[in-house]
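Chemist: What would the 3D arrangement of this be:
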Amino acid sequence: MLKKLIFWSVAILVSSCGGDEPSDVTDDFDRGEMLSNWADNIIIPAYVSYQAELSGLKTQGAAFTNEPTVQNLENLRTSWINAYKAWQHVSMFEVGKAESLNVRNYTNIYPTNPSGINDNIASGSYNLELPSKNDEQGFPALDYMINGLASTDAEMVAVYTNQDNGQAHKTYLNDLIDRLAEMADEIVADWKGSYRDTFVSDDGSSATSATNKVVNDFLFYYEKFLRAGKVGIPAGVFSGSAIPTAVEAYYHGEVSKTLFQEALNSTENFFNGQHFGASTQGESLKSYLDYLNTIKDGEDLSGLINTQFSSSRSAASLLDDNFSEQIGTDNSLMLQTYDELQKNVILMKVDMMQALNVKIDYIDADGD
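Modeler: Below you'll find the model as predicted:
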């Protein structure tokens with residue numbers, strides 16, 4: 001029942017927020033320069049960083065399976081967290097090879113499927129490229145494999161040293177990591193090959209142009225995976241009751257807030273055109289809105305959006321590091337964080353999209 005929670009799209013009635021009168025500024029904004037900034041300073045560097053973290057994860061996975069010890073398990077967990085954090089900075093960019101690979105669905109579908117994972121290990125026969133296997137792989141499956149198989153570290157190590165099925169667990173663990181690394185390698189190679197120039201040159205304003213696709217992907221990610229997936233679904237916004245087992249990194253638990261914060265930062269940085277790993281900013285959605293002199297309620301729309309990013313961060317700062325525990329102790333704080341995130345859905349999905357003259361290209365059931 002929980003398998004596809006991340007894709008739930010239940011109607012929520014919210015108020016329609018119309019902006020002020022549109023500006024008379026002619027839209028001859030240099031989209032090509034913005035696309036160049038996105039590609040060269042944000043997307044490619046973020047993917048290269050993600051690729052490097054996966055390389056480290058692969059090294060630690062091999063070290064642990066070659067010598068299953070508590071220390072090597074701890075090292076593996078650290079690399080898993082680092083790679084998982086890096087994923088939060090590329091997940092929104094499902095264009096090019098990432099789109100054709102459907103990489104997000106194979107990387108971070110949660111809750112994961114423990115029974116399916118155990119069946120795969122027991123049979124030794126599985127094809128991780130099948131869509132039916134997307135909740136039996138990726139970071140959530142690794143979470144189960146290194147945090148959820150036993151209650152203590154010693155017992156966890158014992159699973160991998162068991163003479164009957166220890167080797168099967170080792171094989172599956174490494175296969176999961178290899179799958180992530182292979183997809184990342186393909187995506188980076190694509191961007192560093194011909195796709196970068198193809199992307200930047202596609203600077204028109206049609207529905208299928210690079211700008212329109214990325215803006216829609218950005219908004220879809222923010223709404224469905226950040227707002228709903230990380231907060232709304234486990235908090236019970238869409239189901240009427242909380243689902244603490246639906247949080248990201250459920251078995252580790254203590255990193256669910258960290259992953260959320262990384263994702264929130266990545267969306268805010270992208271909106272502002274901030275270079276990956278730096279404070280420098282280039283052409284962006286913010287500068288595009290400012291160029292169009294987009295005003296709402298007498299204030300710059302870009303400023304309102306950034307203020308709301310800050311409000312969302314402030315609300316989330318009150319949350320426990322473990323979202324599952326937070327839901328159990330005081331779910332109202334999760335709901336308050338969701339409400340703050342939702343306010344930016346309105347500002348971006350209605351006001352920003354209208355100002356940029358970009359139409360929503362995904363199924364919309366939120367009523368806003």
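
Chemist: pLDDT below threshold where in the stretch 1-150 of the chain?
Modeler: Applying pLDDT under 70 to the stretch 1-150 of the chain flags the ranges 1-26.

Chemist: should've said the stretch 151-300 of the chain
Modeler: Residues of the stretch 151-300 of the chain meeting the criterion pLDDT under 70: none.

Chemist: ok, which stretches of it are strands?
Modeler: 295-296, 299-300 (DSSP state E, counting those that start in this stretch).

Chemist: which one of those is the most hemmed in?
Modeler: Stretch with highest mean neighbour count among the strands of the stretch 151-300 of the chain: strand 295-296 (a mean of 20; mean count of other Cβ atoms under 10 Å). For glycine as for every other residue, the C-beta is placed from the backbone atoms N, C-alpha and C.

Chemist: who does that strand pair up with?
Modeler: Applying DSSP bridges, strand 295-296 is found paired with strand 299-300 (antiparallel).

Chemist: same for the next helix or strand after the partner strand, what does it pack against?
Modeler: Sequence-wise, the next helix or strand downstream of strand 299-300 (DSSP states H and E) is helix 301-317. When contacts are defined as 3 or more Cβ pairs under 8 Å, 6 or more residues apart in numbering; DSSP states H and E, helix 301-317 sits against helix 256-271, helix 285-291, helix 323-346.

Chemist: so which of those comes closest to residue 158?
Modeler: helix 323-346 (25.4 Å; Cβ to Cβ).

Chemist: which is the next helix or strand following the closest one?
Modeler: helix 353-356.

Chemist: Quick check: residue 322 touching residue 251?
Modeler: No. Here residue 322 lies out of contact with residue 251, judged by Cβ atoms under 8 Å, at a distance of 11.0 Å.

Chemist: Turn the helices and strands packed on helix 301-317 into a markdown table, including distance to residue 215 and mean neighbour count.
Modeler: Listed next are the helices and strands packed on helix 301-317 as a markdown table, based on distance: least, Cβ to Cβ, whole Å; neighbours: other Cβ atoms under 10 Å:
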| stretch | distance to residue 215 | mean neighbour count |
| --- | --- | --- |
| helix 256-271 | 10 | 21 |
| helix 285-291 | 7 | 21 |
| helix 323-346 | 14 | 20 |
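
Chemist: got a list of what residue 362 touches?
Modeler: By Cβ atoms under 8 Å, 6 or more residues apart in numbering, residue 362 lies in contact with 216, 220.

Chemist: My reading is that it lies in a strand. Confirm?
Modeler: No. When classified by DSSP: H, G, I helix; E, B strand; the rest coil, residue 362 is found to be coil rather than part of a strand.

Chemist: Next one: it relative to residue 238, how far apart?
Modeler: Per Cβ to Cβ, to the nearest Å, residue 362 is found 17 Å from residue 238.

Chemist: circling back: wait, which of the strands of the stretch 151-300 of the chain is closest to residue 197?
Modeler: Closest among those, using Cβ to Cβ: strand 299-300, at 33.3 Å.

Chemist: contacting residues around the closest one?
Modeler: Under Cβ under 8 Å, 6+ apart, the answer for strand 299-300 is 289-290, 294.

Chemist: In a markdown table, list those residues along with distance to residue 278.
Modeler: Listed next are the contacts of strand 299-300 as a markdown table, based on distance: Cβ to Cβ, whole Å:
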| residue | distance to residue 278 |
| --- | --- |
| 289 | 22 |
| 290 | 21 |
| 294 | 26 |
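
Chemist: Give me the residues contacting stretch 244-258.
Modeler: Stretch 244-258 is contacted from outside by 2, 5, 77, 81, 84-85, 108, 110-112, 139-140, 143-144, 147-148, 229-230, 233-234, 259-260, 316, 319-325, 327-328, using Cβ under 8 Å, 6+ apart.

Chemist: Go through that stretch and flag the buried ones.
Modeler: Of the residues in stretch 244-258, 244, 246-253, 255-258 count as buried by neighbour count, 16 or more other Cβ atoms under 10 Å.

Chemist: just curious, which of those is nearest to residue 216?
Modeler: Nearest to residue 216, judged by Cβ to Cβ, of the buried residues of stretch 244-258 is residue 248 at 23.0 Å.
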